[in-house]
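A.B. asks: Pasting the sequence and the predicted coordinates here, then a few questions.
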Amino acid sequence: MSGSKARMAAINAINNQKLEVAPLDFSEVSVDEIFGQNVFNNKVMKDKLPKPVFKSLMKTIEEKTSLDPDVADVVAAAMKDWAISKGATHYTHVFYPLTGSTAEKHDSFVSPDGKGGAIVEFSGKTLIQGEPDASSFPNGGLRETFEARGYTLWDVTSPAYIMENTNGTTLCIPTMFISWTGEALDKKTPVLRSMQALNAQSQRILKLFGEESGAFVSASAGPEQEYFLVDRNFYYARPDLLNAERTLFGAKPPKGQEFDDHYFGAIPSRVLAYMLEVERELFKLGIPVKTRHNEVAPGQFEIAPVYESANIATDHQQLVMVTLKAVAKKHGMECLLHEKPFAGINGSGKHLNWSLGNGVVGNLLDPGDTPHANTRFLVFCAAVIRAVHLHGGLLRAAAASASNDHRLGANEAPPAILSVYLGDQLNDVFEQIKAGGAKSSKKASTIKLGVDTLPAIPKDAGDRNRTSPFAFTGNRFEFRAVGSTHSIGGALTTLNTIVAESLDYIATKLEKMVGNSPAKLNDAVTKVLSEVVKEHEAIIFNGDNYSEAWHQEAAKRGLPNLKTTVDAVPEITKKQTVAMFKKYKVLSPEELESRQHTYLEQYCLTISVEGKLTSRIGRTQIFPAAIRYQSELAKTCADLKAVGYKFDTDTLDTVTTYVKELQDSLSALDKAMAGKKGSTPLAEAKYFRDKVIPAMLAVREVADKLEGVVADDLWPLPTYQEMLFIK
């Protein structure tokens, strides 16, 4: 390839690159010594706090009781001393606004003493509550712009931690973020509320089964994170990646992912060095990352943790995204978290593995070896099935965004139609339940490999279905529709709440049927489960979710197909949604309205930025390159004609046609961008979906054609071939 000067300079920089970081020596300190070293965890608190204070704090954390105000000052003093011993000079209340990103305001421990010196202080009041300016965070109309006051409140259940920087460290305190009038303006507060609701209804079910320890039943989460890596030299040469984190132009390369040679392939050495440092930083923060590998698309990778309490998993997932971004810069790369940074190849998701349980009862979604006889498991599993059927549209809304619209329904992601995959074994059990009662479970078998040195290996009772948006995968459900840029807080809040509502429904029925006669429980469970399966079996589908036949069948079953964010977001304020969230005190009607408003606004802003970028890049980079090539061709034709050679003008004619189409499509896009967009957030979002996005795609279509004919040394943008394969 020849390439433009900018592209060749980028390639040359990559070839001669020297890492900014020295290689890590993992033999110096073992992983178990590193793990959690920057976390104010239980071990540190036990060592630093007086015994009565530690016990009081642990009671709050484990039993979710109110925090004793007298404890806060002691904890704050110990936290400050620990942080300073780690080199911290500042602290920050970390929170997650409705943008889904991470927010923080840093304050120094140092205050003037009035005598020309300074004192180091950090009180319990400061630990518990902060006051960031809330005026510039999205609130969906809850407050006027001039009303700035907001509060951050310490989440005692999520441990504080130290973030390291080249020149120092900062104490980070996980917090909730609320308005001056008390409404939740963040992703964390609803998660905590929904976990309380889920626990309350789970306790009712457990009580029926004779379990009355009262140990908090917590939702657990293990979110996988997919991402792309691109060399920063290419990244800075692509204004669309820099501003929108996705390519708005780019022709399909000669080779893509069709060979399936990248998935689980040998990790490139430069990428592996990056992964090792990411993991080391995450281990310091107590984040239990477990898995790393190449993903399906070239340049795509994945990192995944083991399970944690949903609240802590939410915080840790945000830290994973921050760390992936930060460490990539040190290695001369950019980490792209966008769901679809490159058209025509796999996008990135954040598969949310979800379960519930506690240390006393274990995992309540573990079926055991004989799921047909595990009635407690069947009750919780049936509650999930019912919840997804009744609230599938709401779950779809929890995964909605302009960026995720590019991914859902493509070959690597589930369709927008929500369905539940149970697998052969569980599907058979629930079919038996529907018929009157389960008597058996399909048994796991073994696979004989025909190699004498290898033993027979166990075979699971059911296969997996990677096309399902909501699949049972052994001892948990996997919600695969969540986007790679998303906070998992929204999906967890929704999932916890809808399952709480279903557990409430089932518990109420069982309590009435059982009364004071525990012996009636088995018959009551059989009857209720049979009713639930019959009423909600439409949501169960074990086949190919990509097939057109399924889409037609889903329509017959009455399952919603909310293809875009604009279709899905109104589910947030549907009557049944508002009533449910209000009943379980997770989100008020006003808070739900604000979220719908905010998400539609974010959608419009995203498409607006992309529309402006498409127009600017098209006019200032692609059009000039095409004109220069057109001029070269025209001059060549004129020169040949002048000396009497016979020739054809096919290439010139093609380029001229494309140039005219590019001009016309850019004018149409500019007209669409300037059009009247509606008086409500929903109307504006519909306008961007129906008018602006098609106009952008029309520009891209002709620009990508030009990339295939314009001389390579004139093409201004790094190509897919270069960005995806040059590491």
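C.D. replies: Yep, that arrived. Residues are numbered from 1 along each chain as shown.
A.B. asks: per-residue confidence averaged over the host helix or strand of L241?
C.D. replies: Assessed by DSSP states H and E, L241 sits inside helix 239-244. Across helix 239-244, the average pLDDT comes to 96.
A.B. asks: do stretch 192-210 as well
C.D. replies: Computed over stretch 192-210, the average pLDDT equals 96.
A.B. asks: And the helices in the stretch 301-450 of the chain?
C.D. replies: 310-330, 375-390, 392-398, 423-435 (DSSP state H, counting those that start in this stretch).
A.B. asks: Work out for me the element the closest residue to V528 other than its chain neighbours sits within.
C.D. replies: Leaving out its chain neighbours, the residue that sits closest to V528 by Cβ to Cβ, 6 or more residues apart in numbering is K509, at 5.1 Å. For glycine as for every other residue, the C-beta is placed from the backbone atoms N, C-alpha and C. Here K509, judged by DSSP H and E, is contained in helix 489-514.
A.B. asks: relative to helix 423-435, how tilted is the next helix or strand after that helix?
C.D. replies: Once the chain leaves helix 489-514, the next helix or strand it forms, by DSSP H and E, is helix 521-536. Helix 521-536 and helix 423-435 are oriented at 110 degrees to each other (axes from the mean of the first three to the mean of the last three Cα atoms, to 10 degrees).
A.B. asks: Report the rounded mean pLDDT for the helix or strand just after helix 521-536.
C.D. replies: On the C-terminal side of helix 521-536, the closest following helix or strand by DSSP H and E is helix 548-557. Per-region confidence: helix 548-557 scores 93 on mean pLDDT.
A.B. asks: Okay, now the unreliable bits of this protein?
C.D. replies: 1-3, 19-24, 26, 113, 118, 132-149, 409-412, 445-450, 452-454, 456-464 (pLDDT under 70).
A.B. asks: Which other helices and strands does the longest helix along it contact?
C.D. replies: With secondary structure taken from DSSP state H, the chain has its longest helix at helix 589-617. Judged by 3 or more Cβ pairs under 8 Å, 6 or more residues apart in numbering; DSSP states H and E, the packing partners of helix 589-617 are helix 239-244, helix 565-568, helix 575-583, helix 650-674, helix 681-687, helix 693-707.
A.B. asks: what's the most buried one of the ones you listed?
C.D. replies: Ranked by mean neighbour count, these are led by helix 565-568 with a mean of 24 (mean count of other Cβ atoms under 10 Å).
A.B. asks: Report the buried residues of whatever helix or strand T170 lives in.
C.D. replies: If you go by DSSP H and E, T170 is part of strand 168-179. Residues 169-179 are the ones in strand 168-179 that count as buried (16 or more other Cβ atoms under 10 Å).
A.B. asks: quick one: contacts for K290?
C.D. replies: 304-306 (Cβ atoms under 8 Å, 6 or more residues apart in numbering).
A.B. asks: again, only using 6 Å
C.D. replies: Going by Cβ atoms under 6 Å, 6 or more residues apart in numbering, K290 touches 305-306.
A.B. asks: Next, the angle helix 310-330 makes with the helix or strand containing it.
C.D. replies: Here K290, judged by DSSP H and E, is contained in strand 289-294. Computed by the same axes, to 10 degrees, the angle separating strand 289-294 from helix 310-330 equals 40 degrees.
A.B. asks: and strand 289-294, C-alpha only, in PDB?
C.D. replies: Taking Å, rounded to 0.1, in the frame of the first residue of the first chain, the C-alpha atoms of strand 289-294 are listed here in PDB:
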ATOM      1  CA  VAL A 289     -10.800 -10.200  36.600                       C
ATOM      2  CA  LYS A 290     -10.500 -13.800  35.500                       C
ATOM      3  CA  THR A 291     -10.600 -14.100  31.700                       C
ATOM      4  CA  ARG A 292      -8.900 -12.400  28.800                       C
ATOM      5  CA  HIS A 293      -9.000 -13.400  25.100                       C
ATOM      6  CA  ASN A 294      -9.200 -12.300  21.500                       C
END
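A.B. asks: Perfect, I'm done here.
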